[in-house]
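1. Below are the sequence and a predicted model for it; my questions follow.
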Amino acid sequence: MPQDPAVNDCIIAPSILSADFARLGQEVDEVIAAGADWVHFDVMDNHYVPNLTIGPLVCEALRKHGVTAPIDVHLMVEPVDRLVPDFAKAGATLVSFHPEASRHVHRTVQLIKAEGCQAGLVLNPATPVEVLDYVLEELDLVLLMSVNPGFGGQAFIPSALEKLKAVRARIDACGKPIRLEIDGGVKPDNIGAIAAAGADTFVAGSAIFGQRDYADVIRRMRQAVTDARRK
Ligand SMILES: O=C(CO)[C@@H](O)[C@H](O)COP(=O)(O)O
Ligand SMILES: [Fe+2]
């Protein structure tokens, strides 16, 4: 069944992992003013992944600062469940987690939704798409990693393109408005191929925050997505 066109648009979600943390509120204001749709918020715990970043206090601080854009929380933490209510209270819009980090994947999805957030499941480069069996219909978003989680600025893993096509087919067959997000190594020069493979939501950290002109890079990314879809 073809997907509802309402969800088949182009969401650009800058990863604030590559922002200047000393001026995070301003950085988020600037990137949203430059045309970004969501704020991608990478949470790393030095346990599930070998890096340590930010938690619910920073999410809450962004809301208090006046950020109204959806905050797309990518949890790279183990265990997952204890942090979900904290992020919901802190103002998260979506909460995504890795199945390897949760003992009961379906229960974690239910918990995220019960807390009033949208739920996403994240697939690492070597995680098979079968992990979506029996849970896909409960999800609001599938997040495919095109790098191994833990760091910004890594190179896009090409096998993610085939995987995107496989997940796109599953989402279309299920007929629900589930977003398909890609995360890792997304740049203006590969985003067209990524869109053609089926992604509708694009995380980009270093490609956006590494440029002086955020509006220009976001405009180029959207244009590449539009061009790829016209072909
Ligand atoms: O979740 C992660 C990394 O684990 C990502 O969200 C990265 O932060 C994206 O950064 P770039 O690859 O776009 O620089
Ligand atoms: Fe991420």
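-> Structure received. Ligands and ions are numbered 1, 2, ... in the order given.
2. buried set for the longest helix along the chain?
-> Counting residues, the longest helix found in the chain (DSSP state H) is helix 214-230. Applying a neighbour-count criterion of 16 or more other Cβ atoms under 10 Å, the buried positions in helix 214-230 are 214, 217-218, 220-222, 224-225. C-beta coordinates here come from the backbone N, C-alpha and C atoms, glycine included.
3. Stretch 116-125 now?
-> In stretch 116-125, the ones that count as buried by 16+ other Cβ under 10 Å are 117-124.
4. again with stretch 103-114
-> 105, 108-109, 111-113.
5. tell me the mean pLDDT for that stretch?
-> On average, the pLDDT along stretch 103-114 is 98.
6. Could you list the residues in contact with that stretch?
-> 79-81, 84, 88, 95, 97, 99, 102, 118-119, 121, 131, 134-135, 138-139 (Cβ atoms under 8 Å, 6 or more residues apart in numbering).
7. which of the residues you listed are buried?
-> If we count by 16+ other Cβ under 10 Å, the contacts of stretch 103-114 have these buried: 80-81, 84, 88, 95, 97, 99, 102, 118-119, 121, 131, 135, 138-139.
8. among these, which are within reach of ligand 1?
-> Among these, no residue sits close to ligand 1 (Cβ under 6 Å from any ligand atom).
9. Where does A13 fall, secondary structure wise?
-> Per DSSP states H and E, A13 falls inside strand 11-14.
10. In CSV, list the C-alpha atoms belonging to the helix or strand following that strand.
-> The first helix or strand that comes after strand 11-14 along the chain, using DSSP H and E, is helix 24-33. Output of helix 24-33 as CSV, limited to C-alpha atoms (Å, rounded to 0.1, in the frame of the first residue of the first chain):
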residue,chain,number,x,y,z
LEU,A,24,23.5,25.7,22.3
GLY,A,25,20.3,27.7,22.6
GLN,A,26,21.5,30.2,20.0
GLU,A,27,22.8,27.4,17.8
VAL,A,28,19.3,25.7,17.8
ASP,A,29,17.6,29.0,17.2
GLU,A,30,19.8,29.7,14.3
VAL,A,31,19.5,26.3,12.7
ILE,A,32,15.7,26.4,13.0
ALA,A,33,15.6,29.9,11.5
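11. Helix 24-33 packs against which elements?
-> With contacts taken as 3 or more Cβ pairs under 8 Å, 6 or more residues apart in numbering; DSSP states H and E, helix 24-33 sits against strand 39-44, helix 56-65, helix 206-209, helix 214-230.
12. low pLDDT regions in the chain?
-> Within the chain, the ranges that satisfy pLDDT under 70 run 1-8.
13. Could you list the residues of this protein in contact with ligand 2?
-> 42, 74, 183 (Cβ under 5 Å from the ion).
14. Any quick PyMOL command for the buried ones out of those?
-> Provided next is the PyMOL selection string for whichever of the residues of the chain next to ligand 2 are buried by 16+ other Cβ under 10 Å:
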select buried, resi 42+74+183
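15. so which of the residues of the chain next to ligand 2 are also by ligand 1?
-> 42, 74, 183.
16. Kindly reformat these as TSV containing distance to G198.
-> As requested, these are exported to TSV (distance: Cβ to Cβ, whole Å):
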residue	distance to G198
D42	23
H74	19
D183	14
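17. Tell me if I am right that S96 is in a strand.
-> Yes: S96: assigned to a strand according to DSSP: H, G, I helix; E, B strand; the rest coil.
18. in this structure, what residue is nearest ligand 2?
-> Residue of the chain nearest ligand 2, by Cβ to the ion: H74 (3.7 Å).
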